[in-house]
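Enquirer: Model the structure of this input:
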Amino acid sequence: MTTLADIEQQCAVVRQQRDAVHDRLMVLRAEIDKLVRRETPAIREHADALAAANAELEAMIEGAPALFTRPRTKRFHRIKVGMAKQKGKVVIADEDKTIRLIRKLLPEDQVELLINTKESVAKSACSDLSAKDLKRLGIRIEADTDAVVIKAEGEDLEKLITGLVGDVDEIEAA
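Expert: Numbering: from 1, shown residues only. The predicted model follows:
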């Protein structure tokens with residue numbers, strides 16, 4: 001039969017093991033902090049070099065758009081590069097006029113999609129209209145220009161760098 005003394009004794013064992021785990025975690029954290037402090041200057045140096053190399057690559061791609069007509073992107077050394085059409089932004093000069101034109105020129109099922117119940121144009125739905133319909137309705141698409149794409153596949157290096165630099169900043173602040 002278990003007694004309070006047995007339970008008290010087991011509590012002492014549990015406390016001892018918890019303290020042992022905590023102490024080992026503190027040793028590990030101290031070693032990690034030391035390692036992060038030691039490696040951070042080199043990581044920052046390489047991150048700066050990476051930023052410069054990316055900027056140079058972006059300038060090269062911008063300077064040679066003809067290389068990226070068909071296909072628009074290419075892969076070299078697991079880096080995707082090229083040009084990609086940006087989503088763009090729906091711009092409506094006169095919303096009331098556009099609503100009237102939608103109601104007049106388009107089928108009812110499209111009207112329901114394009115006009116919010118508060119009588120405003122559903123701009124997200126306008127992105128799916130043809131250029132001809134957009135023009136007839138007085139809608140322009142702006143900022144749908146080509147932009148350079150540089151994306152390493154399967155890597156979250158930027159997140160890793162940001163996390164490590166954040167850890168170093170915390171350690172240095174402490």
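Enquirer: how near is the closest residue to residue 123 other than its chain neighbours to residue 30?
Expert: Distance criterion C-beta to C-beta, 6 or more residues apart in numbering; nearest residue to residue 123, sequence neighbours excluded, is residue 90 at 3.8 Å. The C-beta positions use only the backbone N, C-alpha and C, and glycine is treated the same way. Remark: distance between residue 90 and residue 30 (C-beta to C-beta, to the nearest Å) = 55 Å.
Enquirer: Between those two, which has more neighbouring residues?
Expert: When residue 90 and residue 30 are compared for neighbours, residue 90 comes out ahead with 19 against 10, by other C-beta atoms under 10 Å.
Enquirer: Packing partners of the helix or strand hosting the more buried one?
Expert: Applying DSSP states H and E as the criterion places residue 90 in strand 89-92. If you count contacts as 3 or more C-beta pairs under 8 Å, 6 or more residues apart in numbering; DSSP states H and E, strand 89-92 packs onto helix 123-126, strand 139-142.
Enquirer: Any chance of JSON lines for the ones you listed, columns mean neighbour count and distance to residue 62?
Expert: Output for these, formatted as JSON lines (neighbours: other C-beta atoms under 10 Å; distance: least, C-beta to C-beta, whole Å):
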{"stretch": "helix 123-126", "mean neighbour count": "15", "distance to residue 62": "29"}
{"stretch": "strand 139-142", "mean neighbour count": "15", "distance to residue 62": "20"}
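Enquirer: can you list those in a markdown table and add mean pLDDT and distance to residue 105?
Expert: Output for the helices and strands packed on strand 89-92, formatted as a markdown table (pLDDT from 0 to 100; distance: least, C-beta to C-beta, whole Å):
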| stretch | mean pLDDT | distance to residue 105 |
| --- | --- | --- |
| helix 123-126 | 86 | 13 |
| strand 139-142 | 86 | 12 |
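Enquirer: buried ones in the helix or strand following the strand holding residue 90?
Expert: Counting by DSSP H and E, the next helix or strand C-terminal to strand 89-92 is helix 95-105. Within helix 95-105, the residues that count as buried by 16 or more other C-beta atoms under 10 Å are 98, 99, 101, 102.
Enquirer: Out of those residues, flag the one nearest to residue 110.
Expert: residue 102 (7.5 Å; C-beta to C-beta).
Enquirer: Where do the strands of this structure begin and end?
Expert: Here the chain has its strands, by DSSP state E, at 73-76, 79-85, 89-92, 115-116, 120-121, 139-142, 146-152.
Enquirer: Great, nothing more from me.
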